[in-house]
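J.: everything below, folded, please.
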Amino acid sequence: MNRNSFGPSVALLLAACALTSAGPVLAANLLVNPGFEDAGGSYAGWTTFGNGVQLSAASGDFIVHSGLEASKIFGEFTGCPIPSFDVGGYFQSFAPAVGLDYVFSGWSFVSSADPIPGTTTCGGNRCVAKIAFFNAASGGSEISSNEVVIGDANSPLDQWVPFTVSAPAPTGALRVEVLVLYLQPGCDPGAVFVDDLSFEGQAAPAPGLNLLANPSFDASLAGWTVFGNAFYEGRGNTLPQFAFARRTPPGAAKMYSTFVVGSDSGMYQSFAAAPGSEWRFQVYSLTSCGEDPIDGTSDSYANAKIAFLDGGGTEIGSAEDIIVDATSRQGTWTKHTVVARAPAGTATVRPYLLFISPSLLPMDACFVDDALFRSETITDVSLIESGPDLTLGQNFPNPFRENTRIEFRLPATTSVRIDVFDVAGRKVVTLEDGIREAGWNSVDWDGRLADGTRAAAGIYQYRVTTPESRIARRMVLLK
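T.: Numbering: from 1, shown residues only. Here you go, the predicted model:
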């Protein structure tokens, strides 16, 4: 295939669609040439590297989100047919203000004329948008980062998809780089188009009261009761290649399988609690191609859980959310929130972080950082949960037999995926995977599995995922 042209009919159709699309607008864009329009179309202001960075202009593909130019990026095919791992891309650098949250957003496009083959993110080519902090104004070592995959084998084709990734500027950061990278572990084809980028610093919200001891795992897991394979993750302090494994320096926690049937890994803390008290548990989680990713057909997953115990230490109630599994976005630190009200008889409450591996797979792991746990008044906790860019209502009716409706609210048009999981954490059906408009939206579930057969009666979890949030609630299917 000629990698510089998809043909005039496809190009004109895609260009016409692009000129009518609308997307998020950020107020204080730090980027120079964010739409690749400067000097009549160029990478002016960007530092580029590798041979797979081009423009998508009228003389070539002409796949643009707005204006007359966009970025095109693809693999370099070095060493083929015996490939070596290669990366190319472009970036801009800035002096960060410690304490601000930095947000990188834009639009990406994968064409059916040149898709990325494969089945898993980590096993094939992928394009990522990344924010990385360094300990020197030039050169130096990466000390923390966050990224989002904006093009891979699972990307929707022939549509512009919005993306957002954010990261807090840590103490000691003297430079921040905002990057678009194309990683090629094989000789696969495929290209990704990128346009209308924005990068801005925002005031970080005040964290508020936190009852947890050592919530960010600064130097150890001190303060937590640990069981199974849960360990302090501090390799990023001496090995920059592991900077991805912590959201904020100096440390995080890593959990993986015990390799024993019925035995989980994890950690918890305990607090006195009264019946009727309301609790919020927040944590950031990560699975990464950088080490032991949960992807493909893996059934391993991690949970954040609030458990209520009576005076004798027996669990009498709980609420939980799957924070990492094979459907999670690789390389992205994602915030999760669990809320719950203590039932009658409660004497103790425990926030748990758990790693469960039903098949005892040896090469799966997750990372967690920056946890928060506190008692607070949670309005209508039985009806609604909210994340940074998402509001999720309780399905209705619940319990149900034939059909139930799930409603959710988006502040802006974005990509949304809605999955249903059984009590063991296995995905049983995907109800939605596409772009939804801002405002209230809904989907229905008729109680059937992906193959069309009737699901067994029991407890199920429905989870709504956007580029910035993931929220889950439980529902009950009757016979």
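J.: could you find the closest non-adjacent residue to G290?
T.: Distance criterion Cβ to Cβ, 6 or more residues apart in numbering; nearest residue to G290, sequence neighbours excluded, is F244 at 4.9 Å. C-betas here are computed from N, CA, C, even on glycine.
J.: pull the number of nearby residues for A243.
T.: The local packing count at A243 equals 22, with neighbours defined by other Cβ atoms under 10 Å.
J.: surely it and G236 touch.
T.: Yes: here A243 lies in contact with G236, judged by Cβ atoms under 8 Å, at a distance of 4.4 Å.
J.: for these two, list the residues in contact with both.
T.: 143-144 (Cβ atoms under 8 Å, 6 or more residues apart in numbering).
J.: residues contacting the residue nearest to G290?
T.: With contact taken as Cβ under 8 Å, 6+ apart, F244 is in contact with 145, 147, 236, 286, 288, 290, 331.
J.: of those, which is the most crowded?
T.: Of all these, the most densely surrounded is L286 (28 neighbours; neighbours counted as other Cβ under 10 Å).
J.: tell me the pLDDT of the residue nearest to that one when sequence neighbours are not counted.
T.: By the measure of Cβ to Cβ, 6+ apart, the closest residue to L286 outside its immediate chain neighbours is F367, 4.4 Å from it. If you check F367, the pLDDT there is 98.
J.: now swap in P467 and tell me
T.: What the model reports as pLDDT for P467 is 80.
J.: so how far is I316 from the nearest residue in space to H336 that is not next to it in sequence?
T.: In space, H336 comes closest to I323 once its chain neighbours are excluded; the distance is 4.6 Å by Cβ to Cβ, 6+ apart. Look at I323 and I316: by Cβ to Cβ, to the nearest Å, they are 23 Å apart.
J.: neighbour-wise, which of those two wins?
T.: For I323 against I316, the residue with the higher neighbour count under other Cβ under 10 Å is I323, and the figures read 27 against 16.
J.: now do the phi/psi pair for that one.
T.: Main-chain dihedrals, I323, degrees, to the nearest 10: phi -100, psi -20.
J.: could we number from 51 for the rest of this?
T.: Sure, I'll start numbering at 51, so the last one becomes I373.
J.: output the below-cut-off pLDDT ranges for the stretch 51-200 of the chain.
T.: When the per-residue scores of the stretch 51-200 of the chain are filtered using pLDDT under 70, the ranges that remain are 51-77, 128, 132-134.
J.: try it again at 50.
T.: Along the stretch 51-200 of the chain, the parts satisfying pLDDT under 50 run over 51-77.
J.: now do the helices in it.
T.: Using DSSP state H, counting those that start in this stretch, the helices of the stretch 51-200 of the chain run over residues 58-69.
J.: excluding chain neighbours, what is closest to F423?
T.: Computed as Cβ to Cβ, 6+ apart, the closest residue to F423 that is not its neighbour in sequence is P401, at 4.5 Å.
J.: cool, D483 as well?
T.: What sits nearest to D483 in space, not counting adjacent residues and going by Cβ to Cβ, 6+ apart, is R467, at 4.7 Å.
J.: quickly find the element holding that neighbour.
T.: Secondary structure from DSSP states H and E places R467 in strand 464-471.
J.: neighbouring strands - and their directions - for that strand?
T.: For strand 464-471, sheet partners with direction are given as strand 477-486 (antiparallel), strand 508-515 (antiparallel), following DSSP bridges.
J.: distance from the chain centre to the last one, please.
T.: Same thing as strand 508-515. Average the C-alpha atoms of strand 508-515, do the same for its chain, and the two points are 18 Å apart (Cα atoms, centre = their mean, to the nearest Å).
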